[in-house]
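Visitor: one predicted model, sequence on top.
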Amino acid sequence: MGVVRKMHVQLGLKANWKQFTLLVIINAFVGGMVGLERSILPRIADAEFHIAAKTAILSFIIVFGIIKAITNYYTGVLANKFGRRNLLLAGWIIALPIPFLLMWAPSWGWIIAANVLLGINQGLTWSSTVVMKIDLVGEKERGFAMGLNEFAGYLAVALVAFLTGWIASEYGIRPYPFYVGIVLVALGLLGSLFFIRDTKHHVALETVTNNIPRLKHIFWETTWKNRNLGSVTQAGLINNLNDGMVWGILPILLATKGFSLGEIGLITAIYPAVWGIGQLITGRMSDIFCKKDMMFTGMVLQAIALIALIWANSLLVFILISALLGWGTAMVYPTFLATVAENTHPLDRAKSIGIFRLWRDLGYAIGALLTGLIADLVNVQAAILFIGVLTFISAGIIRYRMHCKTKDLVNPGDRKKIDPGPVSGPFRENYLFTTK
């Protein structure tokens, strides 16, 4: 005879602030792993391996984007079956060799191998922390929750990108900058192992209080068929497409204009810093204002900033453009995830977010490949102009296809105690759920 256990589970940021804060800290370590190579890998390709072709230099971004995208998808598919926490731990275990591969690589192939592992790490860890935070906070504060999540992740990208750029300028591009990665992996793995708990009970609670219909064809509806989900997915792809271009091409553009490695590190760090910090504001804004308007405005600002890069020359102008690009990205990034969660049933959420993140992170690979080819065949400026125009087109799709969702969902707080009985699917236990 099975034992029915009752436990008190609450949704909301206030009720779950301790676990939420720990997940924010873990996500900062996740973001730091990307910042580890953000400002110096193109220089390593040129200085140590004598790779001149832009497409070849950007190959590490192409591989990273494809692997991360595929891992995002399978993280979403497997999240309910194996648990979010277990996937988070697997992501950190896979990250263990990355800093050592980067610091000891005798050939560019080793760098590519490190980025295969980095893509898997990011897909497992970032996807897991995103879904777990959405599980914890419930309906009302998803935008703010995603703002905090992305703030931590991308501020860490910026800080580590700046730190590694500075270390490289002072002590050389290898091995010293990558010592930071050893610390990040150790903290991420140990923190996840000893302090993070799974959120399956929160999913079970929201499942019995949610009235959003299940998606019948979740892959195609998330990809394009559903007007809101499809608009978010294409915008996510274009956003990361232009981010992949900035990641690989901007350091090259700045080097051709005579900027030092330290100045390049500063300019490339400002963009993710504004992106990260700005999400503390824009995440909350997306809970208040129409998400369609937030994403349209953000994509337009990104397009303006990208095209302005072509004519910029001074350090100050590049800093201002980098900040504008960061703010445009801050307006869309937490809004993407909050919109996907808003338009999906809790049991569809992890898979739908995984599909969105599949397409979004394929943008890294597509952006790096397209801009590398155009830069090699024409020039860097033509590549930047092309990506800027694509970003304008993406904003137009948002304006045409999306609609603002009305607040017609049931508020779980209206029911103080809920006894759902046996919960179907992966949550086959009885709980006494309480919400306040």
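Guide: Everything's here; your move.
Visitor: ok so K405 is a helix residue?
Guide: No: K405 is assigned coil when assessed by DSSP: H, G, I helix; E, B strand; the rest coil, not a helix.
Visitor: any idea how far the residue lying closest to it once chain neighbours are set aside is from F336?
Guide: Nearest non-adjacent residue to K405, counting by Cβ to Cβ, 6 or more residues apart in numbering: E342, 5.8 Å away. In short, each C-beta sits where N, CA and C put it, glycine included. Distance, E342 to F336, using Cβ to Cβ, to the nearest Å: 11 Å.
Visitor: also L22?
Guide: Computed as Cβ to Cβ, the L22 to F336 distance reads 24 Å.
Visitor: who has more neighbours, those two?
Guide: The residue with more neighbours, out of L22 and F336, is F336; 25 against 18, by other Cβ atoms under 10 Å.
Visitor: gap between the helix or strand containing that one and the chain center?
Guide: According to DSSP states H and E, F336 maps onto helix 315-342. Put simply, helix 315-342 sits 12 Å off its chain's centre (Cα atoms, centre = their mean, to the nearest Å).
Visitor: buried ones in that helix?
Guide: Going by neighbour count (16 or more other Cβ atoms under 10 Å), the buried part of helix 315-342 is 318-319, 321-342.
Visitor: quick check: closest non-adjacent residue to M33.
Guide: Sequence neighbours aside, L184 is the residue nearest to M33 in space, at 5.7 Å (criterion: Cβ to Cβ, 6+ apart).
Visitor: check contacts around that neighbour.
Guide: Going by Cβ atoms under 8 Å, 6 or more residues apart in numbering, L184 touches 29, 32-33, 36, 99, 160.
Visitor: repeat that with 10 Å
Guide: 28-33, 35-36, 92, 95, 98-99, 156, 160 (Cβ atoms under 10 Å, 6 or more residues apart in numbering).
Visitor: make TSV out of the residues you listed and add pLDDT.
Guide: Putting these into TSV (pLDDT from 0 to 100) gives the following:
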residue	pLDDT
A28	95
F29	97
V30	96
G31	93
G32	95
M33	95
G35	90
L36	90
W92	98
A95	98
I98	97
P99	96
A156	90
V160	92
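Visitor: buried ones among those?
Guide: Neighbour counting by 16+ other Cβ under 10 Å classes 28-33, 35-36, 92, 95, 98-99, 156, 160 among the contacts of L184 as buried.
Visitor: list just the nearest of these to W220.
Guide: Nearest to W220 among the buried ones among the contacts of L184: V30, at 29.4 Å, using Cβ to Cβ.
Visitor: and the host helix or strand of the closest one, what does it pack onto?
Guide: Using DSSP H and E, V30 maps to helix 17-38. Judged by 3 or more Cβ pairs under 10 Å, 6 or more residues apart in numbering; DSSP states H and E, the packing partners of helix 17-38 are helix 59-82, helix 84-95, helix 98-104, helix 108-137, helix 142-171, helix 179-195, helix 227-256, helix 261-288.
Visitor: so what secondary structure elements neighbour the fifth one?
Guide: Using 3+ Cβ pairs under 10 Å, 6+ apart as the contact test, the elements touching helix 142-171 are helix 17-38, helix 41-47, helix 108-137, helix 179-195, helix 261-288, helix 315-342.
Visitor: no further questions, thank you.
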